[in-house]
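# Fold the following for me, if possible:
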Amino acid sequence: MRIVLLGAPGSGKGTQAQKLQAKYNVPQVSSGDLLRDAVARGTELGLKAKAVMDSGQLVSDDIVLGLIRDRLSRPDAVNGFVLDGFPRNIEQANALTEMLDALGQPIEAVLLLEVQRETLIKRLAGRRVCPKCGTVYNVNTMAPGATGCAKDGTELQQRPDDNEEVIAKRLEVYERQTRPLVEHYSKLGLLRIIAGEGELDEVFERMESAALAKLVPADKVSVRKAPRKPSKANKPRVAAKSVKAPTKKQSAKKKRSQKKAGSKPHKAAKQARSKKKASKKVVKKPAKVLAKKAGKKGAKRAPRKSAKQRTTKKKTKARAKK
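You can find the predicted model right below:
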């Protein structure tokens, strides 16, 4: 599990990161906590960061990335990490990607907690932190009368930047600098947007659903496959009907008909029927020819003589010659 948490101040990133840390046994890596821890322990990077902060300047990205690299090299980060509060801009995001790729630990998902501005202000104004263990609480959800940490009993404190004037400025800085990361990670296909309002457990369930959809190994997920469509190679062939190709004369005749009829096929059919009907009409012939044919047709043939009559006639002609 290698996750980056995005969200405005007060969106609940720290609280949800702690829940992920407890359930999946991965460290919550907060840039602010890393800086404070490094300064308290007096490490090389911590001393550099202290000198920069004491001069009133912002800690450079190189120092923060160096702290993150050192933190991820510890044994408890073998199974992953939850980055909270870093990166804050596009330059830091690109530098973080290069560093994690070099370590062979690329980001698997970026979870964005979306919360309305009014809710953010209410949460930040009521936020309290345990100075000993860093657990975050909110007076709006704590038990009535509770003022100490539920883990070690230490008195809770309000952070100096959790007053309304500072909160308004912090939200402006977030919109100007960090909001562009939403589009950046969306283009990379890593962004998952989670509704950050509601009960803590409900929000956590939404985060798990969004994160695990990306993080669970493919061989552990049972995917229901859709029925396979027959390919063209395996598709049964249907016997094609044998159709005789039209002759050149037929094709030319059809083209002429279509050209005369235009774009309306029924007109072409009507003209074809009229042409066929006209071909059946009797051609008128001259009157003399008709009369001659009629005379021949009307004349009756004389009945044929019998064999006896023909023989008698022949004998009569023979006697007359003698």
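
# Confidence-wise, which helix or strand of the chain is lowest on average?
One helix or strand of the chain scores below all others by mean pLDDT, DSSP states H and E: helix 287-298, with a mean of 55.

# Contacts for stretch 124-143, please.
Contact with stretch 124-143 is made by 9-10, 14-15, 18, 33, 122-123, 149-152, 154, 156-159, 162-164, 167, 170, 200, as judged by Cβ atoms under 8 Å, 6 or more residues apart in numbering. All C-beta atoms are positioned from the backbone trio N, CA, C, and that covers glycine.

# Please flag which of those sit within helices.
Cross-referencing the contacts of stretch 124-143 against helices under DSSP state H gives 14-15, 18, 33, 122-123, 164, 167, 170, 200.

# Would you check which pair of these lies furthest apart?
Gln18 and Glu164 (25.3 Å; Cβ to Cβ).

# Comparing these two, which residue is more hemmed in?
Just comparing Gln18 and Glu164: by other Cβ atoms under 10 Å the higher neighbour count belongs to Gln18, 17 against 10.

# Who's the closest spatial neighbour of the more buried one, skipping the chain neighbours?
For Gln18, ignoring the flanking residues on the chain, the nearest one in space by Cβ to Cβ, 6 or more residues apart in numbering is Gln28 at 6.0 Å.

# number of nearby residues for that neighbour?
Using other Cβ under 10 Å, Gln28 is surrounded by 21 other residues.

# Could you double-check that it lies in contact with Val82?
Yes. Applying Cβ atoms under 8 Å, one finds Gln28 in contact with Val82, separated by 5.0 Å.

# so what sits against both of the two?
Residues touching both Gln28 and Val82 (Cβ under 8 Å, 6+ apart): 17, 20-21.

# Throw those residues into CSV and include distance to Glu208, pLDDT and neighbour count, thanks.
Converted to CSV, the shared contacts of Gln28 and Val82 look like this (distance: Cβ to Cβ, whole Å; pLDDT from 0 to 100; neighbours: other Cβ atoms under 10 Å):
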residue, distance to Glu208, pLDDT, neighbour count
Ala17, 13, 89, 25
Leu20, 8, 89, 24
Gln21, 13, 89, 17
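
# quick check, nearest of those residues to Arg74?
Minimum distance to Arg74 across the shared contacts of Gln28 and Val82 is 13.5 Å, recorded for Gln21 (Cβ to Cβ).

# Please give me every residue in contact with the closest one.
Gln21 makes contact with 27-28, 82, according to Cβ under 8 Å, 6+ apart.

# What distance do you get for it to Phe204?
Note on Gln21: its distance to Phe204, by Cβ to Cβ, to the nearest Å, is 12 Å.

# and if you look at Val129?
From Val129 to Phe204 the distance is 20 Å (Cβ to Cβ).

# low-scoring pLDDT stretches of this structure, where are they?
Residue ranges of the chain with pLDDT under 70: 56, 214-255, 257-309, 313, 317, 320-322.

# where exactly do the helices run in the protein?
Using DSSP H, helices in the chain cover 13-24, 31-41, 44-54, 61-72, 90-103, 117-125, 164-173, 180-187, 200-215, 248-261, 265-279, 287-298, 307-321.

# For the fifth one, give me every contacting residue.
By Cβ under 8 Å, 6+ apart, the residues outside helix 90-103 that reach it are 2, 61, 64-65, 68-69, 72, 83, 86-87, 106-107, 180-181, 184-185.
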